[in-house]
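# below are the sequence and a predicted model for it; my questions follow.
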Amino acid sequence: MGEFEACLSDPWNVAFVARPQTIGISYIDGYGKYREEELSGWHAQVFQHEYDHLNGILFVDRINKNNPFEIVENST
């Protein structure tokens with residue numbers, strides 16, 4: 001699955017990015033408490049997009065430059 005994505009870091013590009021539609025995340029909240037959540041749909045896509053930024057990855061790194069309509073599976 002996946003959706004079309006765009007980003008303010010690269011405002012001139014829009015591309016289809018394949019991402020899991022449901023993900024599990026864990027984190028420490030602002031009160032120091034360990035939390036686990038399941039995200040799906042738009043929330044999962046946005047989380048993965050922003051998490052990629054933390055790892056220095058832009059959504060255009062997830063597309064095939066020779067064929068932008070080809071789906072490239074998320075490798076992370």
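Received, thanks. Numbers count the residues shown, from 1 in each chain.
# and the longest strand for this protein?
Taking DSSP state E as the assignment, the strand of the chain that covers the most residues is strand 10-18.
# can you name every helix or strand that that strand contacts?
strand 2-7 (3 or more Cβ pairs under 8 Å, 6 or more residues apart in numbering; DSSP states H and E). (Each C-beta comes from the backbone N, C-alpha and C, glycine too.)
# just the buried residues of the strand it packs on, please?
Using 16 or more other Cβ atoms under 10 Å as the test for burial, strand 2-7 gives 2, 5, 7.
# then stretch 35-42?
Leu39.
# where does this protein dip in pLDDT?
In the predicted model, the chain carries pLDDT under 70 at residues 1, 64-65, 67-76.
# strands of the chain, start to end?
2-7, 10-18, 22-28, 34-40.
# the shortest one pairs with which strands?
Right, strand 2-7. strand 10-18 (antiparallel) (DSSP bridges).
# still on that earlier bit, quick check: which of the strands of the chain is nearest to His53?
Shortest distance between His53 and these, using Cβ to Cβ, is found for strand 2-7: 8.3 Å.
# quick one: contacts of that closest one?
With contacts defined as Cβ atoms under 8 Å, 6 or more residues apart in numbering, strand 2-7 is touched by 13-19, 42, 45, 49, 58-59, 71.
# go again using 7 Å as the cut-off
Under the criterion Cβ atoms under 7 Å, 6 or more residues apart in numbering, residues 13-19, 45, 49, 58-59, 71 lie in contact with strand 2-7.
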